[in-house]
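Chemist: fold the following for me, if possible:
(one chain, ligands or ions: 1)
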Amino acid sequence: MLPIHFAPLQGYTDFVYRNFHEKIFGGVDYYYTPFIRLEQGELRKKDLKEILPENDLTKNLVPQVIVKDIYELDTLVSVISGMGYGHIDINMGCPFPMQVKKGRGAGLLPKTDLVREICDFINAKTNLDFSIKMRLGSENADECMQLLPVLNSTRQKHIAVHPRIAKQQYKGELNIDQFQAFLDASRNPVVFNGELKSVDDIEKISKAYPSLAGIMIGRGLLMRPSLASEYKNCSLLNDDELLCCIMKLHDGVFAHYAESLQGDSHLLMKMKTFWEYLEEVIGHKRYKLIKKAVNVAKYNAALQL
Ligand SMILES: Cc1cc2nc3c(=O)[nH]c(=O)nc-3n(C[C@H](O)[C@H](O)[C@H](O)COP(=O)(O)O)c2cc1C
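Modeler: Next up, the predicted model:
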């Protein structure tokens, strides 16, 4: 059975969600923070909350950083390792134009020399583990092959590959042939990431690529938070069981934010996001009412429907 990595999803998989997910569903071997970055040379407050050791109850958290140069990498690695984390993930896949334009995320992929510097940095930090989360390329799917000799020269805990290029964002066909070529030539363990929505999907991918080191799932876990534990336990939840567990997850997240956020509108915004990938589970009618709720009373009424 392959290890399951819960892909970071900015805006969704914050520490509150991750903690309750682990408690209620489990089945995940590695959780990741959404990318952490420097803003005017400093860690953002919201990012700091994600990595404070006392905020992490999963105990298998990997902080992820997004950087444009060695200075940013060194600064973030010092802060994060200083908090006791021994494994840090480097984002080389984010397609958000703001980040790519600044040379972060997928913007690193065409920059072989900079990636070489990053790998030298990794090689020098012998007391820390690093992993990379990447796409096949920024503009072209063969950028990953040009990077391979550099990536092969360093030791990575794993490289998670989303087989798309940045231009595709999160849609369009996965380039499976290019993924296969990368997997075959990589000296580092490779984790597959992309469009896995069911236990069947996970099993098909593990059979198709027997040399895989793991499976990373993002939106599939938001849609079906039980997916990792169902795969691990070889047993599916029925619709009632799934809904019951999702309500427990919801109640935990809601209670946390009802206490920590100021005012209904922030709470509503956060909770509407919670349901964004769950329309199928709660049904179209309830989903629409949740989306339309203008206050917490209406929101709760929609949930009770
Ligand atoms: C809303 C959203 C936010 C994301 N945030 C991050 C992020 O912070 N770091 C990252 O490496 N990838 C991020 N991703 C990419 C996912 O981790 C994942 O690679 C992508 O969704 C493909 O996997 P999936 O098909 O299983 O969802 C994000 C994706 C989405 C849709």
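
Chemist: let's see the pLDDT reported for the residue nearest to residue 209 when sequence neighbours are not counted.
Modeler: Residue nearest to residue 209 in three dimensions, not counting chain neighbours: residue 183, with 6.0 Å by CB to CB, 6 or more residues apart in numbering. The C-beta positions use only the backbone N, C-alpha and C, and glycine is treated the same way. Here, the pLDDT recorded for residue 183 equals 98.

Chemist: residues in contact with residue 183?
Modeler: By CB atoms under 8 Å, 6 or more residues apart in numbering, the contact list for residue 183 reads 161, 190, 209, 211-212.

Chemist: for the residues you listed, which one is nearest the ligand?
Modeler: residue 161 (9.4 Å; CB to the nearest ligand atom).

Chemist: re earlier: quick check: PyMOL command selecting the buried ones in the contacts of residue 183.
Modeler: Per 16 or more other CB atoms under 10 Å, the buried members of the contacts of residue 183 correspond to this PyMOL selection:
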select buried, resi 161+190+209+212
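
Chemist: go through the contacts of residue 183 and flag which are in strands.
Modeler: Secondary structure from DSSP state E places 161, 190 of these in strands.

Chemist: looking at the contacts of residue 183, spot the one nearest residue 126.
Modeler: Nearest to residue 126 out of the contacts of residue 183 is residue 190 (CB to CB; 22.4 Å).

Chemist: coming back round to it: could the contacts of residue 183 go into a markdown table alongside distance to the ligand and pLDDT?
Modeler: Converted to a markdown table, the contacts of residue 183 look like this (distance: CB to the nearest ligand atom, whole Å; pLDDT from 0 to 100):
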| residue | distance to the ligand | pLDDT |
| --- | --- | --- |
| 161 | 9 | 98 |
| 190 | 14 | 98 |
| 209 | 16 | 97 |
| 211 | 20 | 97 |
| 212 | 14 | 98 |
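
Chemist: show me the two of the contacts of residue 183 that sit farthest apart.
Modeler: By the measure CB to CB, 161 and 211 form the most distant pair in the contacts of residue 183, at 12.7 Å.
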